[in-house]
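J.: based on what follows, work out the 3D shape:
(2 chains)
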There are 2 protein chains.
Amino acid sequence: MNLLIVGSLSLDTVETPYGKVEDVLGGSTAYVSAAASYFAPVRIVGIVGDDFPMAEFEFLKARNVDFAGLVVEKGKTFRWGGRYHKNMNIRDTLFTELNVFENFNPVVPPEYADSEYVFLANIQPDLQLHVLEQMKKPKFVAMDTMNFWISGMPKDLEKIISKVDLLIVNDQEIQELSGEDNLFVGARKVQAMGPDMLIVKKGEHGALLINKESYFQAPAFPLEQLKDPTGAGDSFAGGFMGYLAGTDDLSEMNLRRAVIYGSALASFCVEDFSLENLKQLKLADIRKRFAKFHEMTHFDASNI
Amino acid sequence: MNLLIVGSLSLDTVETPYGKVEDVLGGSTAYVSAAASYFAPVRIVGIVGDDFPMAEFEFLKARNVDFAGLVVEKGKTFRWGGRYHKNMNIRDTLFTELNVFENFNPVVPPEYADSEYVFLANIQPDLQLHVLEQMKKPKFVAMDTMNFWISGMPKDLEKIISKVDLLIVNDQEIQELSGEDNLFVGARKVQAMGPDMLIVKKGEHGALLINKESYFQAPAFPLEQLKDPTGAGDSFAGGFMGYLAGTDDLSEMNLRRAVIYGSALASFCVEDFSLENLKQLKLADIRKRFAKFHEMTHFDASNI
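T.: The predicted structure follows:
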């Protein structure tokens, strides 16, 4: 099945204890589509300025990512700069220049309207809603968001949340959305707002899939070196949504496999800067890491 | 096989957002032995004052816990008081009155010297060493420690660490012991100090078993209400060690099952104050929770 991805495209300048990169490919759409492209045909809706080095998209085009929904507007591309501390859970945003992204009005090309799987990356909630209104009858819609929209545009956010099948959040966002300290109590409240499922991203502690009547807890991959955490969450979302769209199977067990593929893609992403690792990675590498996840979580039922 | 447990016994005064208890049964030995007693015959070495309400031990005696190694000394029992914040990861110690525990000299009764499994709870490292010297030829020795000993008695601590099979720690303790920020790099350094295995306790994020050539990641149980986190780590250790001693099987798969039993006991422990839940819990309840852990971590190998 086809996966439609709507989000940001940017040129990032990132500094971590392991180095620095300038004006490299970034933005949620880039990470999500790169990760998803291993599993399913991907369609993107996004905007860049006329300064954007289009050769950056070549590796995605070679992997069946369709750019008919890309708008190239006169002006500069969205730029973001950040610096990670030694403890890479902490980062400072150095600059955010929205440029052409400021007027992003996501128009879904008519030939994309039948996409069965839709991922709404973290953009303004009214734009997420606008995208959904242009879709025919998607089978599965997932969205990401952030604390900025929870506090800044709660009404629009609640509206779009009520229309999706899956909301991807972190534990702090669950707290803010629900007003509950306990993650599991809070999650039930957020599910009552609409989505059947939640995925709680916990970074180095893995990810939690909360379905209607079950939990699935996935660990993070044990990495001895993280070079650049940028894009981890979007790579997770891409691996997850790509695998779902590629298999077109929404059973609990397949959702769990999708969580593991998402976790695998996130772990590869952070092992190098920007999308470097997602550019050269082979499906066989991803399969191997999936098997390692299975190996390190598996246990037999007890005989006592 | 027999499990010998050496650690503290205390009367605790604990306040959490859910209530307050005064002078209730506490100390590592109490939690470890209560949790272990579901699976194996337990022997304890410990000390209390002559003010100790001995009836508190009745439920343990009824579960095959042997108290021949208990010293009742003239004077007051070790008392500890703590208050947990709304975020129960934070607690203030209100008082620590060592009393008779200050002169604890753990003497292993001759009939305990053949115990095959030994758990050295968090006490002064030279005392842990002293216990081990009194043992004949234990098959599996595990120990707990804390940051206080890492900074305060590093030499003694290194000595005992070099002699055990398993060290139970948290991620901060791995950092302090190894000087490494990365958990997995730090763990390898700590393993090089002696123990084949580490268990990293991550609280609400579960536990990680690091063996010679493998990782096993176990989640925490999704609890909608924690009443009192006191004793969670010791209940984990008790469930883990009790299951190992009871099954006498040190294979990787059985170690993993033991981690899950430990996690189950820890989750029951924090659902009520002090040892209240560990007093009334049935083995069937524990088995059910084990099955839930399996249900919420299981996934099939992929077909893509």
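
J.: separation between A:G186 and chain B?
T.: For A:G186, the distance to chain B (Cβ to the nearest Cβ, to the nearest Å) stands at 10 Å. For the C-beta atoms, the positions are set from N, CA and C on the backbone; glycine is no exception.

J.: quick one: that residue is in a strand?
T.: No - using DSSP: H, G, I helix; E, B strand; the rest coil, the assignment for A:G186 is helix, not a strand.

J.: shouldn't it be in contact with A:Q175?
T.: Yes - under the criterion of Cβ atoms under 8 Å, A:G186 makes contact with A:Q175 at 5.9 Å.

J.: so which of those two has more stuff around it?
T.: Legend: neighbour count by other Cβ atoms under 10 Å in any protein chain shown for A:G186 and A:Q175, higher for A:G186 (23 against 18).

J.: okay, the more buried one: pLDDT?
T.: For A:G186, the model assigns a pLDDT of 97.

J.: okay, strands next: where are they in chain A?
T.: Remark: strands assigned in chain A by DSSP state E are A:3-6, A:10-16, A:19-26, A:42-49, A:65-73, A:79-84, A:91-97, A:117-120, A:140-144, A:166-170, A:197-201, A:207-210, A:215-218.

J.: how about those strands, which one is nearest chain B?
T.: With Cβ to the nearest Cβ, the closest approach to chain B among the strands of chain A belongs to strand A:215-218: 3.6 Å.

J.: by contact count, what packs against that closest one?
T.: strand A:207-210, helix A:252-269 (3 or more Cβ pairs under 8 Å, 6 or more residues apart in numbering or on different chains; DSSP states H and E).

J.: who does it pair up with?
T.: strand A:207-210 (antiparallel) (DSSP bridges).

J.: who touches the strand it pairs with?
T.: A:184, A:187, A:191, A:197-202, A:215-218, A:220, A:236, A:255-256, A:259, A:262-263, B:219 (Cβ atoms under 8 Å, 6 or more residues apart in numbering or on different chains).

J.: list the buried residues of stretch A:77-87.
T.: A:77-82, A:84 (16 or more other Cβ atoms under 10 Å in any protein chain shown).

J.: actually stretch A:61-79, not the one I typed
T.: Quick answer for stretch A:61-79 (16+ other Cβ under 10 Å): A:63, A:65-67, A:69-70, A:72-73, A:76-79.

J.: from those residues, which is closest to B:P41?
T.: Distance ranking of the buried residues of stretch A:61-79 against B:P41, using Cβ to Cβ, places A:R63 first at 60.4 Å.

J.: can I get the strands of chain A in TSV including distance to B:F104 and mean pLDDT?
T.: Below are the strands of chain A laid out as TSV (distance: least, Cβ to Cβ, whole Å; pLDDT from 0 to 100):
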stretch	distance to B:F104	mean pLDDT
strand A:3-6	63	98
strand A:10-16	48	97
strand A:19-26	52	97
strand A:42-49	65	98
strand A:65-73	67	98
strand A:79-84	46	97
strand A:91-97	47	95
strand A:117-120	59	98
strand A:140-144	54	98
strand A:166-170	44	97
strand A:197-201	43	98
strand A:207-210	42	98
strand A:215-218	39	97
